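Engineer: A structural model of the following input is requested.
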Amino acid sequence: MGYAGGRSAHPTYHDLDGHSETIEIVFDPARVSYGELLAIFWSEHAPTERTWSRQYANIIFTHGEEQRRLAEQSRTAVAERLGLPVATGIVEAGIFWPAEDYHQKHSLRATPDLARIYQAIYPGPAAFRDSTATARINGYLGGYGSAEALARELPALGLPPAAGEALLRLVRRRS
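Structural biologist: Coordinates of the predicted model:
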């Protein structure tokens with residue numbers, strides 16, 4: 001979670017200076033392609049809705065010409081499929097500024113017992129924010145991913161067995 005596209009360094013939620021709230025996705029193209037990420041984006045996004053502020057603008061931030069080309073191509077395909085104009089912008093990424101700590105891993109932070117375990121494993125705000133394990137757990141707690149997928153992945157997420165079982169129960173209840 002963070003900010004991009006504005007004019008100033010180190011924006012904050014209360015001083016955005018033209019930045020938009022966004023997420024940064026770091027991915028391994030050997031495991032998932034940029035095109036696959038775009039397909040997920042479009043399936044989870046309302047592309048024809050105009051936003052009422054720059055803070056919440058619908059934007060794909062790209063890195064380089066190839067990403068720009070693929071993003072524009074996907075936007076055109078979505079517009080053709082819907083038969084409507086797409087309001088989502090495509091902008092060169094520039095610098096991504098991480099949001100304040102309290103904006104990071106919201107679903108995990110709302111589960112204090114699990115958050116404390118991961119804050120001990122990943123001490124310091126940046127380590128907690130940047131951890132793949134905390135990102136995965138945050139996603140499951142936010143309703144993304146099945147209990148079955150979590151059960152398969154659980155041994156690699158660093159939780160003590162009792163905490164892992166508690167997490168699995170939470171995810172099953174939310175499914």
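Engineer: for this structure, which spans come out with low pLDDT?
Structural biologist: Counting by pLDDT under 70, the chain shows no low-confidence range.
Engineer: so where do the helices sit in it?
Structural biologist: 34-43, 64-82, 106-109, 112-121, 125-130, 132-141, 147-153, 161-174 (DSSP state H).
Engineer: Now do stretch 60-76: everything it contacts.
Structural biologist: Identification of contacts with stretch 60-76 by Cβ atoms under 8 Å, 6 or more residues apart in numbering yields 4-5, 22, 34-35, 38-39, 41-42, 47, 86, 88-94, 96. Every C-beta, even on glycine, is put in place using the N, C-alpha and C of the backbone.
Engineer: Please indicate which of those are buried?
Structural biologist: Neighbour-count burial (16 or more other Cβ atoms under 10 Å) applied to the contacts of stretch 60-76 gives 4-5, 22, 34, 38, 41-42, 47, 86, 88, 90, 93.
Engineer: From those, pick the one nearest Q119.
Structural biologist: T22 (24.5 Å; Cβ to Cβ).
Engineer: Identify the residue spatially nearest to the closest one, adjacent ones excluded.
Structural biologist: Spatial nearest neighbour of T22, chain neighbours left out: A4 (5.1 Å); criterion: Cβ to Cβ, 6 or more residues apart in numbering.
Engineer: Correct me if wrong: the one you found contacts H19.
Structural biologist: Yes: proximity of A4 to H19 meets the contact threshold set by Cβ atoms under 8 Å, at 6.2 Å.
Engineer: Show me the common contact partners of these two, please.
Structural biologist: W97.
Engineer: need the contact list for the residue most central in space within the chain.
Structural biologist: Residue closest to the average C-alpha location in the chain (Cα atoms, centre = their mean): I23, at 4.7 Å. Neighbour list for I23: 1-2 [criterion: Cβ under 8 Å, 6+ apart].
Engineer: again, 6 Å this time
Structural biologist: M1 (Cβ atoms under 6 Å, 6 or more residues apart in numbering).
Engineer: roughly how far apart are it and P85?
Structural biologist: 25 Å (Cβ to Cβ, to the nearest Å).
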